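[1] Need coordinates for the below:
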Amino acid sequence: MPGGMAALSSGPPMSDLSIGVDFGTTNTVVAVASRERGVTVARFPNGGVLEDVYRSVLCFERRDDDRLLRVDASAGPAAIERYLASVGETRFIQSFKSHVASAVFRDTRIFSTRFLFEDLLARFFSILLDDADGQIPRTGGPIVSGRPVAFAGGNPDEALAHRRYDAAYEKAGMPRPTYVYEPVGAAYYYAQRLQGDATILVGDFGGGTSDFSIIRFERRNGALRAIPLGHAGVGIAGDSFDYRIINAVVSPALGKGSQYRSMGKVMEVPAHYYANFARWHQLAMLKSADNRRELEKLQKIALRPELIGKLIEVIENDWGFSVYRAVSAAKLALSSRPEAVFSFAKGDIAIERNITVADFEGWIAGDLARIGTAVDELFAREKLPLAAIDRVFLTGGTSYIPAVRRLFVDRFGPDRLDTGGQFESIAHGLALIGLEEDRAAWEVARAA
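    You can find the predicted model right below:
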C-alpha cells in the first residue's frame, strides 16, 4: 500500500464480486463482497452450529480398505473431529502458516507422500471450498488475500512466502490473489463506522504475528479517503504465549530439565526437543522415524526414562491438539480470572497445575516488551506523536488478553480503544477492498 491517497467507494468498482481470504495461523475466515448484497462471511458447520471461523488445521488419516492403503484428508472442524475419533494412524497439523516464509521448511512426509508447504495449503483451501458448500464462488471476482506485515520466523523470506501462496491458490483452482496487509483489511472494516476524519492505529493479534497499521481517514466531497502513514509487525502473538505455558508447565513433566548419562558424564536432556514440542507448527514434524529413534536412544540412558517415555507417548499418539486445548482453556480463563487450573490427562500422563495471572504475565513479559517496542518504533520511525491517534482498533483473539490491552491503555488511555469483529474484521475489509476501482492503492507489492 503506497503512501498516496486511497479512496473508499470513490468510483465504479472493478468487479461486482470480491472474495477476501484471511488465512490465519489459528483460524481462517472468508468473506464475499457484492455491490448488491453487501458482505457475507462464509459459515461452516461445527457440532451442529454454523460458525464464521474455520480452524486452520489438517488431519491425514491412513485407512486400509479392501487391502488397499488409502489416506483421507480433512480440514477445519471435520479434521478435529476425525483426529479425536480416529482409532487409526493420523497426522494432525496445526499452525502451519508459521512455515510459509521459512526456507528451512522444505517439505514434510505424510505416510510416505512428500508435501511442500504449498501442497498443504492447497489441500486446505480445496477442502475449505468444498466445506463451504457453494458459499464461496470459485470464479467471477478477484481474490484479496491477507498477509502479515512481518512473517513469523527468525529470518522470514517474503518472496518465498508470496511464491508459496500463489502456488497454493493455483493448485486449489483459485485465481491468483492480490495481497493486502491484514491490519489494513481490519482498518478498512473499522473505517465504515467512522463519522468524520480520524487517524487510527489498528493492532491485529493473530496466532503467529502481531501487526500494526496507522491510517488517516478523511472525508472529502462526500467520499471517505485513506492515507497510509505506516506499518509494523513482529513475529510474536498467541502461539508465543502458548509456548511459554507449555515450556513452564507441560515440558518439565515430559523430561525438560532432566538428565542423562553418556561416557561417564551427566548432561541435561537436549532442549531442542522441547523447543520444537512447544511450537504448534513444529509439533507434527517431530513424528518422524529419525526423531523416534533418537528419543528411544535417549530414553535408555536417561536418569528419568519414564519422563522421556511420556514425551514419546505424546508425540506418537498425536496428543498435541489435546495439549493445545488445555493451554487455550487456561489462557482464556486467565483473561477474566486471577487464576486458572491447567489440566491435561491422556494415557498414563496427568498434568495439573494452578496458574496465576502473575505467573502468566511473568512468562510472557519478554514477548509483551517486544510488542510494545514494535509499536513505539513505528511511531518513532514515522515521526508521529501518540497524541496524533484518534482511535485504536484492536482485533484478533490475543487482543482479549488483559496484559496486551494494557500496552495500549498505557500509551493511549482507555477512551481511545475500540474492539469488534475480533475474527471476521480482516476478511470483511479485504473483500470490500476487492470492490475498489483502484485496488493497487491498497496492495502489497510482491517481493522480488
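
[2] Would you mind measuring from the nearest residue to residue 401 once chain neighbours are set aside to residue 322?
    Computed as C-beta to C-beta, 6 or more residues apart in numbering, the closest residue to residue 401 that is not its neighbour in sequence is residue 335, at 5.7 Å. Where C-beta positions appear, they are placed from N, C-alpha and C, glycine not excepted. According to C-beta to C-beta, to the nearest Å, residue 335 stands 21 Å off from residue 322.

[3] Which positions within whichever strand or helix holds residue 211 qualify as buried?
    In this assignment (DSSP states H and E), residue 211 forms part of strand 210-220. Within strand 210-220, the residues scored as buried using 16 or more other C-beta atoms under 10 Å are 210-217.

[4] could you give me the average pLDDT of that strand?
    Averaging pLDDT along strand 210-220 yields 89.

[5] What helices and strands are in contact with it?
    When contacts are defined as 3 or more C-beta pairs under 8 Å, 6 or more residues apart in numbering; DSSP states H and E, strand 210-220 sits against helix 182-191, strand 198-205, strand 223-234, helix 365-381.

[6] Including distance to residue 100 and mean neighbour count, could those go into CSV?
    Below are the helices and strands packed on strand 210-220 laid out as CSV (distance: least, C-beta to C-beta, whole Å; neighbours: other C-beta atoms under 10 Å):
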stretch, distance to residue 100, mean neighbour count
helix 182-191, 13, 28
strand 198-205, 17, 24
strand 223-234, 14, 19
helix 365-381, 20, 15
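
[7] want to try a markdown table for these, with mean pLDDT and distance to residue 260 as columns?
    Compiled in a markdown table, the helices and strands packed on strand 210-220 are given as follows (pLDDT from 0 to 100; distance: least, C-beta to C-beta, whole Å):
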| stretch | mean pLDDT | distance to residue 260 |
| --- | --- | --- |
| helix 182-191 | 92 | 44 |
| strand 198-205 | 94 | 39 |
| strand 223-234 | 86 | 36 |
| helix 365-381 | 97 | 29 |
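
[8] Output the below-cut-off pLDDT ranges for the stretch 1-150 of the chain.
    Applying pLDDT under 70 to the stretch 1-150 of the chain flags the ranges 1-15, 65-69.

[9] hey, where'd the helices end up in it?
    Assigned by DSSP state H, counting those that start in this stretch, the helices in the stretch 1-150 of the chain fall at 76-85, 117-132.

[10] Output those in TSV, with distance to residue 21 appended to each entry.
    What follows is the helices of the stretch 1-150 of the chain, written out as TSV (distance: least, C-beta to C-beta, whole Å):
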stretch	distance to residue 21
helix 76-85	14
helix 117-132	8
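
[11] Just the closest of the buried residues of strand 210-220 to residue 235, please.
    residue 210 (8.2 Å; C-beta to C-beta).

[12] Contact partners for the nearest residue to that closest one once chain neighbours are set aside?
    Using C-beta to C-beta, 6+ apart and skipping the chain neighbours, the partner closest in space to residue 210 is residue 237 (4.9 Å). Listed by C-beta atoms under 8 Å, 6 or more residues apart in numbering, the contact partners of residue 237 are 25, 205-210, 396, 398.

[13] how close does residue 237 sit to residue 253?
    Counting by C-beta to C-beta, the gap from residue 237 to residue 253 is 25 Å.

[14] Residue 402: neighbour count?
    Applying other C-beta atoms under 10 Å, we find 13 residues neighbouring residue 402.

[15] got the contact list for the closest residue in space to it that isn't next to it in sequence?
    Distance criterion C-beta to C-beta, 6+ apart; nearest residue to residue 402, sequence neighbours excluded, is residue 335 at 6.3 Å. Applying C-beta under 8 Å, 6+ apart to residue 335 gives the contacts 400-402.

[16] hmm, try it at 10 Å
    Going by C-beta atoms under 10 Å, 6 or more residues apart in numbering, residue 335 touches 357, 360, 397-398, 400-405.

[17] Inside helices: which ones of these?
    Within those, residues falling in helices by DSSP state H are 357, 360, 402-405.
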